[in-house]
Every structure is written in C-alpha cells, then in structure tokens.
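1. I would like the atomic coordinates for the input below:
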Amino acid sequence: MSRSFRTTDGDPNPDLRPVRVAQRREEVFSEARNLAGELPGWRVLEQDEARGVLVCERAGGLLAAASRVTFTFEGPADLPSTTVNARSESDGGLLARDRSRVLEFMKLLHRRVG
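-> Sure, this is the predicted structure:
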C-alpha cells in the first residue's frame, strides 16, 4: 500500500505547513542538506540546488517502511525569501509514518532557519 503526506498551508500544526523564511534559497537549501546528513536514520539521495530539490530517505523500522521525502525550495534568486515544501512517500509496512517524518524534519529545519 502506497502512502504519502505533504505540507500544506491549511494544516493546523504550524510545523506541518511550508517553511517560509527571509533567507536566500541557497542558504536554506544548505541548512536542509546539512540537517539531513546529521539526523539519525536520514540520508540524502539526490540534490539539485539549481532546481531547488533535495530528495532524502528516512529509514524504516520494524513496522514502518522507509520513506522517500522530497523537499522543494522556492524563492527569487535576488531576494532573501524562501519557501520549503515537503512530500513524503512510502510503500509497505504496517504503520504509516510519512506525516511524523515530515514533522520530524520540518520542525528542526524551522528552528535552524526561522
């Protein structure tokens, strides 16, 4: 069974909404890439700073499958304004963890760049 979760403006939890900060896109991208490298169970699969896409994997556990989490970074090249969205997808496992994995990352990212 395929599962997914994505950040939305309408989510009641502020940590599950897109992260919006007054920083340049490349700075926020770099912080997110570093965070993914530091967090246990996370690893970077693909990174394309020019397109503003960072793809990570969050390792699974006994009952939950691994999740593929894609972060997109949007903002003008000449202004310090960036929006980060996340989408997590997983296949298999007894428990869905996509929402909690997005929350785990976005909460820490917001602390770093917010």
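2. buried stuff in the longest strand belonging to the chain?
-> If you go by DSSP state E, the chain has its longest strand at strand 82-91. Neighbour counts over strand 82-91 (16 or more other CB atoms under 10 Å) mark 82-88, 90 as buried. Any C-beta I mention is one placed from the backbone N, CA and C, and that applies to glycine too.
3. Strands of the chain, residue ranges please.
-> Using DSSP E, strands in the chain cover 2-6, 19-21, 42-48, 53-58, 67-74, 82-91.
4. any idea which of the buried residues of strand 82-91 is closest to residue 100?
-> Checking the buried residues of strand 82-91 against residue 100 with CB to CB, the nearest one is residue 88 at 9.1 Å.
5. give me every residue that touches that closest one.
-> Taking CB atoms under 8 Å, 6 or more residues apart in numbering, we find residue 88 in contact with 4-6, 58, 67-70, 98-99, 101-102.
6. redo that, cut-off 10 Å
-> Neighbouring residues of residue 88 by CB atoms under 10 Å, 6 or more residues apart in numbering: 3-7, 56, 58, 67-71, 96-105.
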